[in-house]
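model this:
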Amino acid sequence: MLDLIILGLHFFICFLISIAIWCGPKDVDLHSSSTEGAEIEPDGLIFICKEEDIKKSQRTTAKINGREIVVFYHEGKFHALDSRCYHEGGPLCRGEIEDINGQACIVCPWHKFKITLETGEGLYEGINPLEPSPTPKWQSKGVKQRIHKVTIDNGNVYVSPPDLSVRFDSDYFADKYKNGGELAM
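I've put the predicted structure just below:
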């Protein structure tokens, strides 16, 4: 009986901690600046920011038709993707970038899911149990995160609007957080 009481208290405390984390400060942003009013150019590209600004901050967030995106500058390249992780909607703008087998990956700060910046593939470390001495190897789950084409012109960073005729797992959370939804950044 005492075990059940202790277990119940444990779950109750975990519940309270998760509520405190959920309701905690939402405006803390470790690495990014934000661009609210994206300007659409005559050629359909959407102005994000000046190239020099993103090179300083290494990342910035913007909204395209209410959709949150994050643009990274990493090792001389620009990458843009939906700002919410395909897994549970974690804020990728707050994640760290890691090199995994020569691929730059953003690591979701909530559950440590790894997503390649170049292709939007979800990566996981798995083993082949049929091998005599299985060792973990990085493998692809396929493209899970929507990426956006980045164009640099005259010192300005532009993103192409997304092709919404093709669906990606990250679209669910992009839609859920769209236009200041209940959980927007």
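
I'd say Glu118 and Ala80 touch.
No - at 11.1 Å, Glu118 does not count as touching Ala80 under the criterion of C-beta atoms under 8 Å. In this view, the C-beta of every residue, glycine as well, is placed from N, C-alpha and C.

could you tell me which residues touch both of the two?
Common neighbours of Glu118 and Ala80, using C-beta atoms under 8 Å, 6 or more residues apart in numbering, are Ile147.

more neighbours: the two, which one.
Taking neighbours as other C-beta atoms under 10 Å, Glu118 and Ala80 compare with Ala80 leading, 25 against 13.

count of residues packed around Thr151?
15.

list the contacts for it?
Residues counted as contacts of Thr151 (C-beta under 8 Å, 6+ apart) are Leu45, Val157, Tyr158, Val159, Ser160.

what does stretch 108-118 rub up against?
72, 74, 77, 79, 81, 85-88, 90-92, 94-98, 100, 103-107, 121-124, 144-145, 147.

and the buried ones among these, selectable in ChimeraX?
Command for ChimeraX that selects the buried part of the contacts of stretch 108-118, burial taken from 16 or more other C-beta atoms under 10 Å:
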select :72,79,81,85,86,87,90,91,92,94,95,97,103,104,105,106,107,121,122,123,144,145,147
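
export stretch 76-96 as CSV, just CAs?
The C-alpha trace of stretch 76-96 is given here as CSV (Å, rounded to 0.1, in the frame of the first residue of the first chain):
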residue,chain,number,x,y,z
GLY,A,76,29.0,29.4,-44.8
LYS,A,77,25.6,28.0,-45.9
PHE,A,78,22.0,29.2,-45.4
HIS,A,79,19.3,26.7,-44.5
ALA,A,80,15.5,27.4,-43.9
LEU,A,81,13.0,25.0,-42.5
ASP,A,82,9.7,24.9,-40.5
SER,A,83,10.5,26.2,-37.0
ARG,A,84,8.5,23.4,-35.3
CYS,A,85,9.9,19.9,-35.0
TYR,A,86,7.9,17.2,-36.9
HIS,A,87,7.9,15.0,-33.8
GLU,A,88,6.1,17.1,-31.1
GLY,A,89,6.4,20.7,-32.3
GLY,A,90,9.5,21.6,-30.3
PRO,A,91,11.1,25.0,-31.2
LEU,A,92,14.0,24.2,-33.5
CYS,A,93,15.1,27.9,-33.3
ARG,A,94,16.3,27.0,-29.8
GLY,A,95,18.1,23.8,-30.8
GLU,A,96,21.8,23.2,-31.2
